[in-house]
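Enquirer: Task: produce atomic coordinates for the following.
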Amino acid sequence: MRTTLNIENCLLQELKDLAHQENISLTRLVNRVLRNGMGFAEASIRPKKPYHEESFDMGKPYINLEKSLAVSFELEDEEILRKIEMRK
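Expert: Modelled structure (predicted):
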């Protein structure tokens, strides 16, 4: 992610010098320094666990799901009519 930081000139120069000595980019060095400062070791960076959603058996459906979109429209129409009736 791209961001802007205000770094003291003397500190920035030290970072640039160290990046040059190690022949790595300033970005890579700053990321490493931040990780170390936050207590993370580069080797211990773990990939995120994949998301897992638990599923449950809901039993057999009460309606034919092949026409579920038509049922949805019908329920929506009924709700609209109910709201119109309430205004009278």
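
Enquirer: so what pLDDT did D57 get?
Expert: For D57, the model assigns a pLDDT of 92.

Enquirer: Near it, how many other residues are there?
Expert: By the criterion of other C-beta atoms under 10 Å, D57 has 5 neighbours. The C-beta positions use only the backbone N, C-alpha and C, and glycine is treated the same way.

Enquirer: again with L11
Expert: Counted with other C-beta under 10 Å, L11 comes out at 9.

Enquirer: For M58, see how far away it is.
Expert: Going from L11 to M58 by C-beta to C-beta, to the nearest Å gives 58 Å.

Enquirer: Kindly report the same for N31.
Expert: Distance from N31 to M58, by C-beta to C-beta: 46 Å.

Enquirer: Which one of the two is surrounded by more residues?
Expert: With neighbours defined as other C-beta under 10 Å, N31 and M58 compare such that N31 has more, 12 against 6.

Enquirer: The chain: helices as residue ranges?
Expert: 9-22, 26-37, 68-87 (DSSP state H).

Enquirer: what's the closest of those helices to H52?
Expert: Proximity to H52 (C-beta to C-beta) singles out helix 68-87 among the helices of the chain, at 26.1 Å.
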